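K.L.:
Kindly generate the corresponding structure for this input.
(chains A and B)
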Protein chains: 2
Amino acid sequence: MLTEELPFAAWMAGVQAEVEDALSDYLPPAHLVPHKLHEAMRYTVLGGGKRVRPLLVYASGALFGADPQALARAASALEMIHAYSLVHDDMPCMDDDELRRGKPTVHVAYDEATALLVGDALQAQAFQVLSGTDTLPPVRLIGMLRLLAEAAGSSGMCGGQAIDLDSVGLALSLEQLERMHQLKTGALLRASVLLGALCGKELNDAELESLKAYSKAVGLAFQVVDDVLDATADSATLGKTAGKDAADNKPTYVSILGLEESKALAQKLRRDAHDALAPFGEQALRLRELADLIVQRKA
Amino acid sequence: MLTEELPFAAWMAGVQAEVEDALSDYLPPAHLVPHKLHEAMRYTVLGGGKRVRPLLVYASGALFGADPQALARAASALEMIHAYSLVHDDMPCMDDDELRRGKPTVHVAYDEATALLVGDALQAQAFQVLSGTDTLPPVRLIGMLRLLAEAAGSSGMCGGQAIDLDSVGLALSLEQLERMHQLKTGALLRASVLLGALCGKELNDAELESLKAYSKAVGLAFQVVDDVLDATADSATLGKTAGKDAADNKPTYVSILGLEESKALAQKLRRDAHDALAPFGEQALRLRELADLIVQRKA
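P.N.:
I've put the predicted structure just below:
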């Protein structure tokens, strides 16, 4: 397979460019009414972000020779759900952030009502895009739509955000913190890995368990590294306000474990992710490389 | 068919009770973590509302002997989308309403962050519930999921709300007002009629056109009557703040056409709705009765 032979950086740049094009295609054009809403949706989604979820979709899809249209739609849907969650998360009634991906947040660049609608419309758009896939067996696609909905809703991302809200100022245990993050960011990362694979084939139990174990490790590693970066990097590097967790009195891995032990935990989780991929052998190259990237990133 | 022989009021009460049970079943139980979010989701959806969209689903389903599980899921999904839109619409950055269905709005009963998450989680839950239907042909179900997403998103409900926001203080023409409402409330009402029918069978072009014409007339009638009631009824009867449109300087049918001409328009739309149903004959009894209810309602 040609893509397997590319250096990781080139593969990643290729996926990011492909996803940028797909997102642009799958978002409503700004010349359609309502102009401001569509323009704000495009402002939110295009031209920024690390595209971690799309990269996971493509890396996981590479395991099973996944269908390109299905990958583009699944990756776009996941990125739209992620982008909407950031827009709502940044609003004054939530985290009240003014900077995201190095740009003014949507409620700052537009207004709060528009930010609310942008998020709502992006969530619907995600389901519209994924349900438009016409290259997969219908029963499998329905399962994928259900999986996306579960990952996005109160048993996934929204549930994690609710627990996060309820935790401000509380002394969480490591287990409680882990549980919160497994919903808040982990659910969507896991869905990315599973949907990417499902773009290739129906998964047997062993494959499902391996991918879930990988997702769990990568999801937690992602959050541990986020907390480390929030405590050590500056806002310009992060593209968002640094040091906010401590200022908001939010429990983090760094506040519970300390900085050094958090860094060690991230490395352990990276190894766990690699171990989970053992059954897939060489074919899991991109997923291994992504686990490394997530742990070693500087922003 | 037994239900066809019931008086309308008894049929309606039966559907409302069945939908209340279905909604309770399809919402996450409050004893599951996160408790507050799940409790607030149930507070939002259960125990109130006229259930207009579910009634349209069941009335339309009655045309084609629709599958009961599919009807319950489609009706619940539509009501969840509708309920989430009310929660977000009532927030301070939108309409800033404190009363809904006779109860404090979600951001008043809980807080703004919870209201934001309740809406987000309900939208995901809607897609989860509909995608869980296992009694319909998969290809048809995928089309229904796409239809729901389109009706909810920027080409439907969210788009209408964006146009509504942009219209405050503007002198809209009747055509512009109609276009806004066809998206804001019309899209979801139309989806209700179409999804109900699709719970029974794949629609041919003639059936689709008839149901769309019915939906268009009923959707506009619904809004005209809303505007008439907002101008004439009191808050206790409406279960929400009356006279708000005029206070907010929002264009309405009453502000453009005057009260009497608005009432006449509602009656004309009711006749249009009946005419659109002519090809279905006696089987369209419930849809005809619903059009009458929508025009004659007092709240």
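
K.L.:
quick one, what contacts the closest residue to residue A:57 other than its chain neighbours?
P.N.:
Excluding its sequence neighbours, the residue lying closest to residue A:57 (CB to CB, 6 or more residues apart in numbering or on different chains) is residue A:196, at 3.7 Å. Where C-beta positions appear, they are placed from N, C-alpha and C, glycine not excepted. Counting by CB atoms under 8 Å, 6 or more residues apart in numbering or on different chains, residue A:196 touches A:56-61, A:63, A:66, A:71, A:74-75.

K.L.:
okay, now residue A:249: neighbour count?
P.N.:
Using other CB atoms under 10 Å in any protein chain shown, residue A:249 has 11 neighbouring residues.

K.L.:
Please state the backbone phi and psi of the nearest residue to it once chain neighbours are set aside?
P.N.:
Excluding the flanking residues, the one nearest residue A:249 by CB to CB, 6+ apart is residue A:169, at 5.2 Å. Backbone torsions of residue A:169, given as degrees, to the nearest 10, read phi 80, psi -10.

K.L.:
ok, residue A:169 to chain B distance?
P.N.:
14 Å (CB to the nearest CB, to the nearest Å).

K.L.:
Can you give me the pLDDT of that residue?
P.N.:
Residue A:169 carries a pLDDT score of 79 in this model.

K.L.:
show me what contacts the spatially most central residue of chain A?
P.N.:
Central residue of chain A (CA atoms, centre = their mean): residue A:53, 4.1 Å from the mean position. By CB under 8 Å, 6+ apart, the contact list for residue A:53 reads A:75, A:78-79, A:82, A:188-189, A:192.

K.L.:
ditto for residue A:114
P.N.:
So residue A:114 contacts A:36-37, A:40, A:106-107, B:162, B:165 (CB under 8 Å, 6+ apart).

K.L.:
Name the nearest of the contacts of residue A:53 relative to residue A:23.
P.N.:
Nearest to residue A:23 among the contacts of residue A:53 is residue A:79, at 6.2 Å by CB to CB.

K.L.:
Would you agree the closest one falls within a helix?
P.N.:
Yes. Assessed with DSSP: H, G, I helix; E, B strand; the rest coil, residue A:79 lies in a helix.

K.L.:
Count residues in the vicinity of it, would you?
P.N.:
The burial count for residue A:79: 28, using other CB under 10 Å.

K.L.:
my read: it touches residue A:50, true?
P.N.:
No. Using CB atoms under 8 Å, residue A:79 is not in contact with residue A:50; the gap is 10.4 Å.

K.L.:
And the residue of the stretch 151-299 of chain A closest to chain B?
P.N.:
The stretch 151-299 of chain A approaches chain B most closely through residue A:153 (3.2 Å), counting by CB to the nearest CB.

K.L.:
Which phi and psi values does that residue adopt?
P.N.:
phi -90, psi -150.

K.L.:
burial count for it?
P.N.:
Residues near residue A:153, counting by other CB under 10 Å: 25.

K.L.:
What of residue A:9?
P.N.:
Neighbours of residue A:9 (other CB under 10 Å): 10.

K.L.:
Contacts for the helix or strand it falls within, please.
P.N.:
Following DSSP states H and E, one finds residue A:9 within helix A:8-26. Applying CB under 8 Å, 6+ apart, the contact partners of helix A:8-26 are A:3, A:6, A:42, A:45-47, A:51, A:54-55, A:58, A:72-73, A:75-76, A:79-80, A:125, A:129, A:286, A:289, A:293.

K.L.:
Mind giving me the PyMOL command for buried ones among those residues?
P.N.:
Here is the PyMOL command that selects the buried residues among those (16 or more other CB atoms under 10 Å in any protein chain shown):
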select buried, chain A and resi 42+45+51+54+55+58+72+73+75+76+79+80+125+129+286+289+293
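
K.L.:
Show me where the stretch 1-150 of chain A has its strands.
P.N.:
Counting by DSSP state E, counting those that start in this stretch, the stretch 1-150 of chain A has these strands, from start to end: A:99-100, A:103-104.
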